[in-house]
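Chemist: A structural model of the following input is requested.
(one chain, ligands or ions: 2)
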Amino acid sequence: MSTNLTWHQHKIDKAARSQANGNRPFVLWFTGLSGSGKSTIANIVEQKLHVAGKSTYLLDGDNIRHGLCGDLGFSDKDRVENIRRIAEVSKLFVDAGVIVLTAFISPFRADRNAARHILAEGEFVEVFVDTPLEECEKRDPKGLYKKARKGDIPDFTGIGSAYEAPTSPEIHLTWKGQNEITAADEVIAQLKTLGYLA
Ligand SMILES: Nc1ncnc2c1ncn2[C@@H]1O[C@H](COP(=O)(O)OS(=O)(=O)O)[C@@H](OP(=O)(O)O)[C@H]1O
Ligand SMILES: Nc1ncnc2c1ncn2[C@@H]1O[C@H](COP(=O)(O)OP(=O)(O)O)[C@@H](O)[C@H]1O
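Modeler: Ligands and ions are numbered 1, 2, ... in the order given. Prediction:
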């Protein structure tokens, strides 16, 4: 616990940086099972935002676990800390006036809610990539479900570790056989409806 600290108010603030960037900054928080399509869809959404002239940054599970969260594993405790750090980093990017996309399983409801409260009101947009376990397991892009079924990854999400589905996400992508481009288009359309994009 750090003590004897004083918060510094800088002359250039979030509003000034957002205006310079021409963005309303917020976090687009993708959650879903491994293989549900978080990274794939977030990548396409980021490309679309970039082409539209927005400042963006995509924080992706596997990448962040190579650096910032390289000391964390997949115990419940480590996943809680993983999500807390991602939320704090997202907050810094939002403060910089950037649209942040995050692609983490973020399996626990309480942690996603905690992340929401680390951001200011209206800055957290939860996107539930609702792809059934059977489909994720069929895709198995990294062969991890096969390993988990063999017992080699005992705490794998959806098999030996829980995934708590969001109850009221801002955007709910229910997979019904549509491809990733259609899913990304739906995210952009919903962001417009919700007033995040013009
Ligand atoms: N035990 C276990 N459970 C789930 N996932 C595992 C596990 N071990 C390794 N992986 C790989 O790590 C990626 C998930 O990392 P995250 O940081 O998103 O996980 S979490 O939000 O902290 O639960 C996840 O990536 P995605 O498939 O992109 O979701 C896996 O590639
Ligand atoms: N509708 C879809 N949406 C997203 N990904 C899809 C879809 N259909 C097939 N895929 C494939 O499923 C895999 C999803 O992997 P990934 O995006 O890494 O998921 P996650 O980040 O949730 O683990 C990719 O190989 C992608 O090409």
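Chemist: Which other helices and strands does the longest strand anywhere in the chain contact?
Modeler: Longest strand in the chain, counting residues (DSSP state E): strand 124-130. Applying 3 or more C-beta pairs under 8 Å, 6 or more residues apart in numbering; DSSP states H and E, one finds that strand 124-130 contacts strand 27-31, helix 38-51, helix 109-118, strand 171-174, helix 180-193. Glycine gets a C-beta too; all of them are placed from N, C-alpha and C.
Chemist: after it, next one along is what?
Modeler: helix 133-139 (DSSP states H and E).
Chemist: burial measure for Ala96, as a count.
Modeler: 16 (other C-beta atoms under 10 Å).
Chemist: Output the contacting helices and strands for the top helix by length along the chain.
Modeler: For the chain, the helix that runs over the most residues, judged by DSSP state H, is helix 76-95. Under the contact definition 3+ C-beta pairs under 8 Å, 6+ apart, helix 76-95 sits against helix 14-21, strand 27-31, strand 56-60, strand 99-103, helix 109-118.
Chemist: still on that earlier bit, hmm, who's touching the longest strand of the chain?
Modeler: Residues outside strand 124-130 that contact it (C-beta atoms under 8 Å, 6 or more residues apart in numbering): 26-33, 36-38, 41, 112, 115-116, 165-166, 169-175, 183, 187, 191, 194, 196.
Chemist: before we move on, what about stretch 177-186?
Modeler: Residues contacting stretch 177-186 (C-beta under 8 Å, 6+ apart): 37, 40-41, 44-45, 48, 129, 171, 173, 175.
Chemist: which of the helices and strands packed on strand 124-130 is buried the deepest?
Modeler: Stretch with highest mean neighbour count among those: strand 27-31 (a mean of 28; mean count of other C-beta atoms under 10 Å).
Chemist: buried stuff in the helix or strand bottoming out on mean pLDDT in the chain?
Modeler: Scoring the helices and strands of the chain by mean pLDDT, DSSP states H and E places helix 61-64 at the bottom, with a mean of 86. By neighbour count on 16 or more other C-beta atoms under 10 Å, the buried set for helix 61-64 is 61, 64.
Chemist: next one: stretch 154-168
Modeler: Buried, per 16+ other C-beta under 10 Å, within stretch 154-168: 156-159, 161, 163, 166.
Chemist: Ligand 2: which of those is nearest?
Modeler: Thr157 (9.7 Å; C-beta to the nearest ligand atom).
Chemist: In CSV, list the helices and strands packed on helix 76-95 along with mean pLDDT.
Modeler: Formatted as CSV, the helices and strands packed on helix 76-95 follow (pLDDT from 0 to 100):
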stretch, mean pLDDT
helix 14-21, 94
strand 27-31, 98
strand 56-60, 96
strand 99-103, 98
helix 109-118, 98
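Chemist: Among the ones you listed, which comes closest to Leu133?
Modeler: strand 27-31 (14.4 Å; C-beta to C-beta).
Chemist: any bit of the closest one sitting next to ligand 1?
Modeler: No. Applying C-beta under 6 Å from any ligand atom, one finds strand 27-31 separated from ligand 1 by no less than 8.1 Å.
Chemist: So what are the sheet partners of that strand and their directions?
Modeler: The pairing partners recorded for strand 27-31 under DSSP bridges are strand 99-103 (parallel), strand 124-130 (parallel).
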